[in-house]
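[1] Pasting the sequence and the predicted coordinates here, then a few questions.
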2 protein chains.
Amino acid sequence: MNVQLHDCFGKKEAVLKSTLSLVGKQGFHGTPMSQIAKNAGVAAGTIYHYFPSKGALISELYIYVKDRMAKAIIDGDDPSKSYKERFFAVMVSQYRFYVENPDSMNFLEQYINSPYAQEYAHLESQLFVEKVITFFKYGIENAYFKNIDPRLLAPTIRGTLVAAASFQLSQHMLFSDEDINEVVSIIWDGIKRQ
Amino acid sequence: MNVQLHDCFGKKEAVLKSTLSLVGKQGFHGTPMSQIAKNAGVAAGTIYHYFPSKGALISELYIYVKDRMAKAIIDGDDPSKSYKERFFAVMVSQYRFYVENPDSMNFLEQYINSPYAQEYAHLESQLFVEKVITFFKYGIENAYFKNIDPRLLAPTIRGTLVAAASFQLSQHMLFSDEDINEVVSIIWDGIKRQ
DNA sequence: ATCATGTAATTGAACGTTCATTCGGTACAA
DNA sequence: TTGTACCGAATGAACGTTCAATTACATGAT
């Protein structure tokens, strides 16, 4: 009848959450496995029961985070609306996800420019690809956007959203719905077919 | 009459260049000081004659790289032209700098989301602030742009340029002048006053 | 119910390696 | 002689990972 039993859905998830919060603040090389373990209320060795290595832990966390982001994005989508309205709603959802989960945003940004991303390049969130990428493909195929290589679209959009979100966070500002719409307009005006 | 004397303008710059090339490819935690030294043709201890620590080396490299980028950007500027033309020329120069110096681009991107950037937050390239930032301030004050917080502008622009440049590099593609103009148009159409 | 048995979960000290940094020493110039 | 540039082996701390030992728990026989 240990107290531990109450506080979470398995130690594996505790390790993932601990890693996310620490790496989001301190970076990969700033967070040793020992600290991840202590922060998760777990012994160092336990981590290796669930993950074969630090790299595998990090890359599995990437999927975990991106799945959650995909869910948050899809939540804002209403397929009965116009494509432009849907695009704005989806972008606003992604923006909100970043602002409400700064650790996730920081982690994703760091992961993208890290050796891990190349070593585990084959791993990607199924949910994100199926739902989010599909949504953008539709916009490209139906000529809502400029004739840009689709692989250029995703990082371009991400760049602007991340820039805005981390600006808001660093300045401790509150953005109104109007402000957020302004940011999404930068993206939309940039890529829409004029 | 050592051969070493011939091959460079001081070992300090050799160390900086060595660090840039290695960190650009392997990341911060992937490049030990010993490797930086060997790659620069220098003993490990010598690095500490010029830089008090690894962090200081990295942050000084940041200034070094950003100075070079500022110079490359300014080179493309002709103050006699219209602001829109100047904007496009400046953006194209920055894009070219990224593509021609991928190590610099990777290094800058990694630096921005790293503990070093916060630890040495007070250090910034004078040249970049004086020339490049000033140029954008002019555009804001003279209402060429949407009414965006100027601190949002820089990361937004960088996000798109980096996305495009690293896409080109990763795909081993050749972008025509027209292609590059298309990318800059995304930025311009996004932020210009409609 | 009780116990025996096997398997999975968990622990944390210990290991071997790697790394940033130090330091005693050499060479040469002023 | 003094100081500057440079070397590279040595140092010690930190790190990822391993492992022998312990506990928790499910299963099945009695």
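    Perfect, I can see it now.
[2] So is stretch A:155-168 next to chain B?
    Yes - applying CB under 8 Å from any CB of the partner chain, one finds stretch A:155-168 touching chain B at A:Pro155, A:Thr156, A:Arg158, A:Gly159, A:Thr160, A:Val162, A:Ala163, A:Ala164, A:Ser166, A:Phe167. Just so you know, the C-beta spots here come from the backbone N, C-alpha and C atoms, and that holds for glycine as well.
[3] Out of those, name the ones that lie in strands.
    With DSSP state E as the criterion, strands contain none of the residues of stretch A:155-168 next to chain B.
[4] Which one of the residues you listed sits in the busiest neighbourhood?
    The most crowded member of these is A:Thr160, carrying 30 neighbours; neighbours defined as other CB atoms under 10 Å in any protein chain shown.
[5] Are the helix or strand of chain A at the bottom of the mean pLDDT ranking and DNA strand D in contact anywhere?
    None of the helices or strands of chain A scores lower by mean pLDDT, DSSP states H and E than helix A:115-119, at a mean of 85. No - contact of helix A:115-119 with DNA strand D (CB under 7 Å from any atom of the strand) is absent, the minimum separation being 11.5 Å.
[6] May I have that helix as CSV, with CA atoms only?
    Provided in CSV are the C-alpha atoms of helix A:115-119 (Å, rounded to 0.1, in the frame of the first residue of the first chain):
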residue,chain,number,x,y,z
PRO,A,115,21.8,14.8,-33.3
TYR,A,116,18.8,12.8,-31.9
ALA,A,117,16.5,14.0,-34.6
GLN,A,118,18.9,12.6,-37.3
GLU,A,119,19.7,9.4,-35.4
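[7] Contacts for that helix, please.
    Identification of contacts with helix A:115-119 by CB atoms under 8 Å, 6 or more residues apart in numbering or on different chains yields A:Phe28, A:Gly55, A:Ile58, A:Ser59, A:Tyr62, A:Tyr111, B:Gln26, B:Gly27, B:Gly30.
[8] which one is the closest residue to chain B within chain A nearest to, not counting chain neighbours?
    Nearest residue of chain A to chain B (CB to the nearest CB) works out as A:Gly159 at 2.1 Å. Closest residue to A:Gly159 apart from its sequence neighbours, by CB to CB, 6 or more residues apart in numbering or on different chains: B:Gly159 at 2.1 Å.
[9] And for A:Asp149?
    A:Asp149 sits nearest to B:Phe167 (CB to CB, 6+ apart), 7.2 Å away.
[10] do the same with A:Gly30
    Closest residue in space to A:Gly30, ignoring its immediate chain neighbours: B:Pro115 at 5.5 Å, by CB to CB, 6+ apart.
[11] Quick check: which element contains A:Asp19?
    To be clear, residue A:19 is Thr; Asp isn't right here. helix A:11-26 (DSSP states H and E).
[12] does that helix come close to DNA strand D?
    No - against DNA strand D, helix A:11-26 shows no contacts by CB under 7 Å from any atom of the strand, the least distance being 9.6 Å.
[13] which strands and helices sit next to that helix?
    helix A:33-40, helix A:44-50, helix A:54-75, helix A:102-112 (3 or more CB pairs under 8 Å, 6 or more residues apart in numbering or on different chains; DSSP states H and E).
[14] Identify the residues contacting the third one?
    Helix A:54-75 is contacted from outside by A:15-16, A:19-20, A:23, A:28, A:33, A:36, A:47, A:50-51, A:90, A:93-94, A:96-97, A:101, A:104, A:107-108, A:111, A:116-117, A:119-120, A:123-128, A:131-132, using CB under 8 Å, 6+ apart.
[15] Just the closest residue of chain A to DNA strand C, please.
    In chain A, the residue that lies nearest DNA strand C is A:Gly45 (1.7 Å; CB to the nearest atom of the strand).
[16] For that residue, grab the count of nearby residues.
    9.
[17] so what pLDDT did it get?
    Looking at A:Gly45, its pLDDT is 96.
[18] next one: A:Phe9
    67.
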